[in-house]
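Engineer: Sharing a model that was predicted from the sequence below.
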Amino acid sequence: MKNNKIIFAKRPVGMPDNSCFEIIEDKIEKPNDGEVLLKTLYISVDPYIRGRMVERKSYIPPLQIGEVIASSGVAEVVESNTKLFKKGDYVTGRMNWEEYPIVNEKELRQIDPAIAPLQTHIGALGMTGLTAYFGIMDIGNPKPGETVVISGAAGAVGVVAGQIAKIMGCRVVGIAGSDEKAEYLVKELGFDAAINYKTAKDIREELKSACPDGIDIYFDNVGGAITDAALTLINDNARIPLCGQISHYNEPEPQSGPRLLGNVLIRAATIKGFLILQYASRFNEGIEKLAKWYKEGRIKAPETIVEGFENIPNAFIGLFTGSNLGKQIVKI
Ligand SMILES: NC(=O)c1ccc[n+]([C@@H]2O[C@H](COP(=O)([O-])OP(=O)(O)OC[C@H]3O[C@@H](n4cnc5c(N)ncnc54)[C@H](OP(=O)(O)O)[C@@H]3O)[C@@H](O)[C@H]2O)c1
């Protein structure tokens, strides 16, 4: 039986395209001690993979040409060489973009399909849900009645961050890239207001009228002009969980700035960058909380699912044009 893999074929300049990826055929390997052979069921595509395509030092090594790309996935154990997992178990963890990857037991966690659909364990109950949870709760530290603005609000992290802020009793305003997304945030997820940044005549003015009491927490997924607008509206002691900067990921050269730090200064605000892996020792706490809210129906988990192993690259590229609502997942 064959095992298709997706390798990194070319460093993109600007927006990545299909020439950056290549599907190669290989054979299925046998698991060594402490390893399992998996059949991949769902793959998560994530914006941070764009950062790995650049040859530079970061918190995770850059991809090398010819390397098999990896991200979170959900899979079924086909053959086990460890006591931790048996054939037929459903697991999640970091795995290669392969139909039949071999993964070390230490990288995997068993999942219970009774809690949520399998793929939700790489979305609202996985890394992106955890990112929203710790970003809002630990760095945002929300208080009832405060105003929370989320950029990238209709994406995987954004939808969960906004819903948690609602659970905490905040007024929540989302910023997203289409009317359909903005409407979904308000009607389906209970956001108090949402702005389509692509059609807004003046994003600052729209944000100002949506936040009559100013902004106490600005959860930043995107950076750029949206963040510039938000920073002019922050209140005293505002908190800014700096989660992502996707509007800059495809820029060949970094822009100068930031230039609006004066607002951070005069408001005695706190901007804190964070990486979800820094919270690894608290993942169980986060997953328990998210699963509880999910079971109670207080958190919905919107997902955009495309089918087919060969469509992983297109699903990834679509993150930069906003083709997803909620978590972008590929069903293999
Ligand atoms: N710190 C961490 O540990 C951590 C962990 C996970 C994710 N992140 C970051 O969090 C952010 C969201 O990640 P995600 O996984 O939830 O992805 P996502 O939001 O589901 O997908 C990306 C979304 O970004 C928006 N976008 C793309 N280009 C944009 C631009 N130029 N300006 C504004 N919005 C743009 C698109 O929505 P629109 O239609 O609204 O444009 C797109 O749907 C990313 O920046 C990611 O790098 C950080």
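Structural biologist: Noted; the coordinates are in hand.
Engineer: Show me where the stretch 1-150 of the chain dips below the pLDDT cut-off.
Structural biologist: Across the stretch 1-150 of the chain, not a single residue meets the criterion (pLDDT under 70).
Engineer: What parts of the stretch 51-200 of the chain come near the ligand?
Structural biologist: In this structure, the stretch 51-200 of the chain approaches the ligand at residues Thr128, Thr131, Gly152, Ala154, Gly155, Ala156, Val157, Gly158, Ala176, Gly177, Ser178, Lys181, judged by CB under 6 Å from any ligand atom. Yep, even glycine has a C-beta here, placed from its N, CA and C like the rest.
Engineer: For Glu303, list the residues it contacts.
Structural biologist: Counting by CB atoms under 8 Å, 6 or more residues apart in numbering, Glu303 makes contact with Gln119, Thr120, Gly123, Gly326, Lys327, Gln328, Ile329.
Engineer: partners of Lys327 in the sheet?
Structural biologist: Glu303 (DSSP bridges).
Engineer: mind checking how far it is from Asn263?
Structural biologist: From Lys327 across to Asn263, the span is 32 Å (CB to CB, to the nearest Å).
Engineer: what does Ile240 give?
Structural biologist: From Ile240 across to Asn263, the span is 10 Å (CB to CB).
Engineer: Please identify which of the two sits among more neighbours.
Structural biologist: Ile240 (23 against 17; other CB atoms under 10 Å).
Engineer: and the more buried one, what are its phi and psi?
Structural biologist: phi -130, psi 90 (degrees, to the nearest 10).
Engineer: ok, back up a step: considering the residues of the stretch 51-200 of the chain next to the ligand, which possesses the most neighbours?
Structural biologist: When neighbours are taken as other CB under 10 Å, the top entry among those is Ala156 (33 neighbours).
Engineer: Just list the residues touching it, thanks.
Structural biologist: Contact analysis of Ala156 by CB under 8 Å, 6+ apart lists Gly123, Ala124, Thr128, Asn324, Gly326, Lys327, Gln328.
Engineer: The same query, at a cut-off of 6 Å, please.
Structural biologist: Gly123, Thr128, Lys327 (CB atoms under 6 Å, 6 or more residues apart in numbering).
Engineer: Summarise which helices and strands the one helix or strand Val78 maps to is packed against.
Structural biologist: For Val78, the enclosing helix or strand under DSSP states H and E is strand 70-80. Strand 70-80 makes packing contacts with strand 35-44, strand 90-96 when contacts are defined by 3 or more CB pairs under 6 Å, 6 or more residues apart in numbering; DSSP states H and E.
Engineer: Listing partners with orientation, what would you give for the first one?
Structural biologist: Next to strand 35-44 in the sheet, as set by DSSP bridges, lie strand 70-80 (antiparallel), strand 102-104 (antiparallel), strand 327-331 (antiparallel).
Engineer: next one: the strand holding Val78 to chain centre, how far?
Structural biologist: Its chain's C-alpha centre and that of strand 70-80 lie 19 Å apart, by CA atoms, centre = their mean, to the nearest Å.
Engineer: Not counting its own residues, what contacts it?
Structural biologist: The contact list for strand 70-80 (CB under 6 Å, 6+ apart) reads 31, 36-44, 46, 85-87, 89-92, 94-96, 118, 121-122, 126-127.
Engineer: if I pick Thr147, what's in contact with it?
Structural biologist: Arg171, Cys211, Asp213, Ile215, Asp216.
Engineer: related to what we said a few turns ago, dump the C-alpha coordinates for the strand holding Val78 into CSV.
Structural biologist: In CSV, the C-alpha atoms belonging to strand 70-80 read as follows (Å, rounded to 0.1, in the frame of the first residue of the first chain):
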residue,chain,number,x,y,z
ALA,A,70,3.6,18.8,9.8
SER,A,71,0.7,20.2,11.8
SER,A,72,-2.0,18.9,14.2
GLY,A,73,-4.1,16.1,13.1
VAL,A,74,-6.6,13.5,14.1
ALA,A,75,-5.9,9.9,13.2
GLU,A,76,-6.8,6.2,13.9
VAL,A,77,-4.1,3.9,15.2
VAL,A,78,-3.5,1.2,12.6
GLU,A,79,-0.6,-0.6,14.3
SER,A,80,0.9,0.1,17.7
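Engineer: tell me which residues in that strand are buried?
Structural biologist: Neighbour-count burial for strand 70-80, counted by 16 or more other CB atoms under 10 Å, picks out Ala70, Ser71, Ser72, Gly73, Val74, Ala75, Val77, Glu79, Ser80.
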